[in-house]
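1. Just to be clear, the model below is a prediction. Sequence and coordinates:
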Amino acid sequence: MSLTDYFIVLFIALFMMYAIYDELITARRRGDTRLRVPLKRRNGLDSAIFIGLIAILIYRNITSHGTQVTTTLLMVLAFFSVYLFWLRQPKLLFKLEGFFYGPVFIDYRRIQSMNLSEDGVLVIQLEQRPLHIHVSKLDDLESIYHFMVRQHLADS
């Protein structure tokens, strides 16, 4: 295997670890999941460009009679990319002490304020920067609101 193949294996391993963490570990970390809210997919153009570049690399490797190992590794990388960017549903997981937004856990005590924009985006102001949460269904905003109110009453 060449150095390029080792880098591709590294990226595949990183994608696989992120997928396992996102699907299996975050649901079990920090206690039971109280509320699960699906989010809109974002960065579709970026992911299409990335997968297109992988497709170009596969084509280039095949036409220049590159190794079969490199072609196979690139196909596996393309599969993981399609899964992570287009098939996997991003989600917001509410726990007892906080919530997971992507791979990051945010404690409820860090929330300074919450606002709802006109286009249905929930803006949660933290100490340093705001989080813009784009839910896939607007009805989920009401579920988040009721959950946060119950959480605030339980903390009081």
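-> Nice, I can see it.
2. what's the domain layout of this structure?
-> For the chain, automatic domain parsing gives the domain ranges 3-30+42-87, 91-155.
3. so how far is the longest helix along the chain off the chain centroid?
-> Assignment by DSSP state H gives helix 44-63 as the longest helix of the chain. Put simply, helix 44-63 sits 21 Å off its chain's centre (C-alpha atoms, centre = their mean, to the nearest Å).
4. buried residues in that helix?
-> Within helix 44-63, the residues that count as buried by 16 or more other C-beta atoms under 10 Å are 47, 51, 54, 57, 58, 61. Bear in mind the C-beta positions are built from the backbone N, C-alpha and C, glycine included.
5. Ok, stretch 93-104 next?
-> By 16+ other C-beta under 10 Å, the buried positions in stretch 93-104 come out as 93, 94, 95, 98, 99, 100, 101.
6. Among the residues you listed, which one lies nearest to residue 149?
-> Among those, residue 94 lies closest to residue 149 (C-beta to C-beta), at 12.4 Å.
7. residue contacts, the residue lying closest to the closest one once chain neighbours are set aside?
-> Ranked by C-beta to C-beta, 6 or more residues apart in numbering and with sequence neighbours excluded, the top spatial neighbour of residue 94 is residue 35, at 4.0 Å. The neighbours of residue 35, taking C-beta atoms under 8 Å, 6 or more residues apart in numbering as the test, are 93, 94, 143, 144, 147.
8. Sounds good, over and out.
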